[in-house]
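Peer 1: My questions concern the predicted model and sequence given below.
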Amino acid sequence: MGQQKFSIADIAAAIGAQTFGDAQLVVTGVAEPQEAGADDLAMATSQSYADLIPKGQARAAVLWEGADWEAMGLQAAIVPKRPRYAMAGLTKLMDQGQGFETGIHPSAIIDPDATIGEDVRIGALSVISAGARIGDGSVIGPQCFIGWNASIGPRAMLREQVSIGARVTIGADFVAQPGVRIGGDGFSFVTEDKSGIEAVRETLGDQQDTEAQGWTRIHSLGSVTIGDNVDLGACVNIDNGTIRDTRVGHGCKMDNFVHIGHNVVIGNDCLICGHSGVAGSTKVGNNVVLGGMTGVSDNIFIGDRVITGGGTKVLSSVPAGRVVLGYPATKMDKQIEIFKAIRRLPRLLADVAALQKAVFKSQDKD
């Protein structure tokens, strides 16, 4: 693959930004200001980067509004309305991809009953099962598995070692990072008689003398349905539904090691950060943000636009628009006051001990 070259004018047009200086100047990559070479576009998107530009060799930079590019010794500048948003278009333009070869690798195994769209790449040692459908322009990386009767929409990008189970349905523009697993059986087991954990859920502490029993699997008859424009980070796991499909709405983004349990329904445009988990049969609304390591209990509802802070454990339903934090989850401002109170506890206990001592001395005198 040859070296990419972009003029300042082409980059600005791609991200809808203004240009200043020599718009025909050509760059071949992007870099942080202090590390930029003469052919790099320096990313200096706020005033805090101003002192770093002279430490590099960049001739052009992406700058903030009002920046004096000439005083910085630059020959050209790109000034977007919202620099962080411009990063999306800029990185898409300059992304060199993974170097996967065009066409179908000879070691790939494709069932004759599979349907492969136009301009599809399939990497080495990948397996495409009977009845599977791969949309136009998709990339199936090496060592991927696409299950029986699974369907993937156009322009999908599956990195290496992605597994899509039987009957899974995925929309357009799907992105899966290495190790994504979609369509494993749900974690669903039952005992012949009432189990200890069922008793605890009712009593919040008493097992009611239930007997120890073995666990019997409840099979997953449902699958997984995923909407359009969904991005999944490395090692995301989404389980099959028990009877109906587990569902993920359009535009959802999940970070590494997220787990979505069986029968969960997630709305549109949700952002789920790393190491978070949503337990079975919970419903999550639209535009919800779950901070890193959030845990959501089963069979509850999370309303639209809810935001959870990192490490939050949600044990009961949360109304729309609420911002929560802590274990158990409470309103964030209330939880912060609780944290402050906890830090004051040692001093408070010392004060109480001093008061007790004073009272006891007073009683002794009496």
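Peer 2: Looks like it arrived, so ask away.
Peer 1: which residues of the stretch 1-150 of the chain fall in strands?
Peer 2: Assigned by DSSP state E, counting those that start in this stretch, the strands in the stretch 1-150 of the chain fall at 6-7, 18-21, 26-27, 29-31, 40-43, 60-62, 76-79, 109-110, 115-116, 121-122, 127-128, 133-134, 139-140, 145-146.
Peer 1: So which of the ones you listed is the most surrounded?
Peer 2: Across the strands of the stretch 1-150 of the chain, the average number of neighbours (mean count of other Cβ atoms under 10 Å) peaks for strand 60-62, which reaches a mean of 28. From N, CA and C alone the C-beta is placed, and that goes for glycine too.
Peer 1: which neighbours does that strand have in its sheet, and in what orientation?
Peer 2: Strands that pair with strand 60-62, judged by DSSP bridges, come out as strand 40-43 (parallel), strand 76-79 (parallel).
Peer 1: what residue is smack in the middle of this protein?
Peer 2: Met254 (2.1 Å; Cα atoms, centre = their mean).
Peer 1: which one is that residue nearest to, not counting chain neighbours?
Peer 2: Distance criterion Cβ to Cβ, 6 or more residues apart in numbering; nearest residue to Met254, sequence neighbours excluded, is Ile272 at 4.6 Å.
Peer 1: Give me the number of neighbouring residues for that neighbour.
Peer 2: 29 (other Cβ atoms under 10 Å).
Peer 1: Over to the one 4 residues further on?
Peer 2: Taking other Cβ under 10 Å as the criterion, the count of residues near Ser276 is 23.
Peer 1: State the next helix or strand along the chain beyond the lowest-mean-pLDDT helix or strand in the chain.
Peer 2: Sorted by mean pLDDT, DSSP states H and E, the helices and strands of the chain end with helix 196-203, the least confident at a mean of 85. On the C-terminal side of helix 196-203, the closest following helix or strand by DSSP states H and E is strand 216-217.
Peer 1: Sheet partners, orientation included, of that following strand?
Peer 2: Here strand 216-217 is paired, per DSSP bridges, with strand 189-190 (antiparallel).
Peer 1: contacts for the strand it pairs with?
Peer 2: Trp215, Thr216, Arg217, Ile218 (Cβ atoms under 8 Å, 6 or more residues apart in numbering).
Peer 1: Flag every buried residue along the helix or strand harbouring Ala354.
Peer 2: Assigned by DSSP H and E, Ala354 belongs to helix 332-365. For helix 332-365, burial by neighbour count (16 or more other Cβ atoms under 10 Å) applies to Met332, Gln335.
Peer 1: Output the contacting helices and strands for that helix.
Peer 2: strand 323-325 (3 or more Cβ pairs under 8 Å, 6 or more residues apart in numbering; DSSP states H and E).
Peer 1: roughly how far is the strand it packs on from the heart of the chain?
Peer 2: 19 Å (Cα atoms, centre = their mean, to the nearest Å).
Peer 1: elements contacting it?
Peer 2: strand 307-308, strand 330-331, helix 332-365.
Peer 1: I'd like the ones you listed as a markdown table, with mean pLDDT and distance to Ile170 appended.
Peer 2: Below are the helices and strands packed on strand 323-325 laid out as a markdown table (pLDDT from 0 to 100; distance: least, Cβ to Cβ, whole Å):
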| stretch | mean pLDDT | distance to Ile170 |
| --- | --- | --- |
| strand 307-308 | 98 | 26 |
| strand 330-331 | 95 | 36 |
| helix 332-365 | 88 | 34 |
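Peer 1: could these be laid out in JSON lines, adding distance to Asn240?
Peer 2: Output for these, formatted as JSON lines (distance: least, Cβ to Cβ, whole Å):
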{"stretch": "strand 307-308", "distance to Asn240": "25"}
{"stretch": "strand 330-331", "distance to Asn240": "33"}
{"stretch": "helix 332-365", "distance to Asn240": "34"}
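Peer 1: Minimum distance to Asp239: which of these has it?
Peer 2: Asp239 lies closest, by Cβ to Cβ, to one member of the helices and strands packed on strand 323-325: strand 307-308, at 20.9 Å.
Peer 1: counting contacts, what elements does that closest one pack onto?
Peer 2: So strand 307-308, by 3+ Cβ pairs under 8 Å, 6+ apart, packs with strand 289-290, strand 323-325.
Peer 1: Give the pairing partners of the longest one; include direction for each.
Peer 2: What it means is strand 323-325. With DSSP bridges as the test, strand 323-325 pairs up with strand 307-308 (parallel), strand 330-331 (antiparallel).
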